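Undergrad: only geometry, no sequence info:
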């Protein structure tokens, strides 16, 4: 019973056995010495079995602990292998992210050069092509045009220096007037009248203003290069959904539009800002470019502009 019963019950059961044995022996008129001897023998037997039980329990605990340690060791080895694999994957991902960052930076610089410097150089080429005729017909106007070409070339040079030295994007300005100024400058240099309207309830976040500026700049540049337009319209409105910039011309565009580098860059800029860009051919001819940016781009007007 010492092996089968719990320790507390086993001790109680042994005490009862010793008391019962002593009672029986006393009832048989055995001497006190014989009774004590019998009780000590029973207690010794109990202690012997108790020691065996303790050894068995200790051995079982050791085996259980050994199994637990073995299982924990195996789990640690599996966790170490998982961590090692995760570390290798993280290193590989970091290398890929670094390569992607370099490629993205190169694409960003290429897009900036195409948008900013390409726009200015296109204007320079157009005006230089017209300069020989202007010298013969209107020398004063030719001198004015030559000064404008020089200013544009200097601006392009400054843009190149900024890209090379800062490796960053040149922000055209923080105010909404920069968009109107861009349209007016284009109209003055190209001779294409641009009707500009704007209805914004507040100010525009600088990052989103920059996106709109680049999109408008690229659209006007494409218009000068390819559209052969005689007039254009630019409209910027703000509503409950966000900002909508629309550039429309009466050029020669017809049918499906095949996106080139310029349109692709505009779409990428718009997508990164959380918006979308659509290009639609107008009937009977012309082109409409619409850039939509989310409502979060509009910030409250705190300066009364």
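TA: Thanks, I have the structure now. These numbers were taken from a predicted model, which means no experiment stands behind them.
Undergrad: nearest residue to the residue nearest to the spatial centre of the chain in space, please, no chain neighbours.
TA: For the chain, the residue nearest the mean C-alpha position is residue 272 (10.3 Å; CA atoms, centre = their mean). Leaving aside its chain neighbours, residue 272 sits nearest to residue 211 (7.9 Å; criterion: CB to CB, 6 or more residues apart in numbering). In this view, the C-beta of every residue, glycine as well, is placed from N, C-alpha and C.
Undergrad: ditto for residue 251
TA: residue 227 (2.8 Å).
Undergrad: residue 287 is in contact with that neighbour, correct?
TA: Yes. Using CB atoms under 8 Å, residue 227 is in contact with residue 287, at 6.5 Å.
Undergrad: ok, back up a step: any idea how far the residue nearest to residue 251 is from residue 136?
TA: 28 Å (CB to CB, to the nearest Å).
Undergrad: higher neighbour count, these two?
TA: residue 227 (20 against 8; other CB atoms under 10 Å).
Undergrad: need the contact list for that one.
TA: Neighbour list for residue 227: 249, 251, 252, 253, 287 [criterion: CB atoms under 8 Å, 6 or more residues apart in numbering].
Undergrad: how near is the third one to residue 228?
TA: When distances are taken as CB to CB, residue 252 and residue 228 turn out to be 5 Å apart.
Undergrad: surely residue 184 touches residue 196?
TA: Yes. Here residue 184 reaches residue 196: they are 7.4 Å apart, a contact under CB under 8 Å.
Undergrad: which of these two has more residues huddled nearby?
TA: residue 196 (18 against 13).
Undergrad: bridging residues for the more buried one?
TA: residue 234 (DSSP bridges).
Undergrad: pretty sure it is touching residue 234, no?
TA: Yes. Residue 196 is within contact range of residue 234, at 4.8 Å (criterion: CB under 8 Å).
Undergrad: okay, and the common contacts of these two?
TA: In contact with both residue 196 and residue 234: 179, 183, using CB under 8 Å, 6+ apart.
Undergrad: could I get the phi/psi values of residue 291?
TA: Backbone torsions for residue 291, taken as degrees, to the nearest 10, come to phi -110, psi 120.
Undergrad: show me what the helix ranked longest in the chain is packed against.
TA: Assignment by DSSP state H gives helix 32-112 as the longest helix of the chain. Where contact means 3 or more CB pairs under 8 Å, 6 or more residues apart in numbering; DSSP states H and E, helix 32-112 is packed against helix 7-27, helix 261-272.
Undergrad: tell me where the chain is predicted with low confidence.
TA: The model of the chain has pLDDT under 70 over residues 1-3, 7-8, 91, 94-106, 108-109, 112-116, 161-175, 253-259, 295-305.
Undergrad: which SS class is residue 245?
TA: strand (DSSP: H, G, I helix; E, B strand; the rest coil).
Undergrad: for residue 217, see how far away it is.
TA: 12 Å.
Undergrad: got it, and residue 210?
TA: Taking CB to CB, one finds residue 210 at 10 Å from residue 217.
Undergrad: and residue 65, by the same measure?
TA: With CB to CB as the criterion, residue 65 and residue 217 are 75 Å apart.
Undergrad: before we move on, what about residue 77?
TA: With CB to CB as the criterion, residue 77 and residue 217 are 60 Å apart.
Undergrad: ok, now residue 178?
TA: 10 Å.
Undergrad: quick one, which of those two is more surrounded?
TA: residue 217 (22 against 17).
Undergrad: isn't that one up against residue 181?
TA: No. Between residue 217 and residue 181 there is no contact under CB under 8 Å: 11.3 Å.
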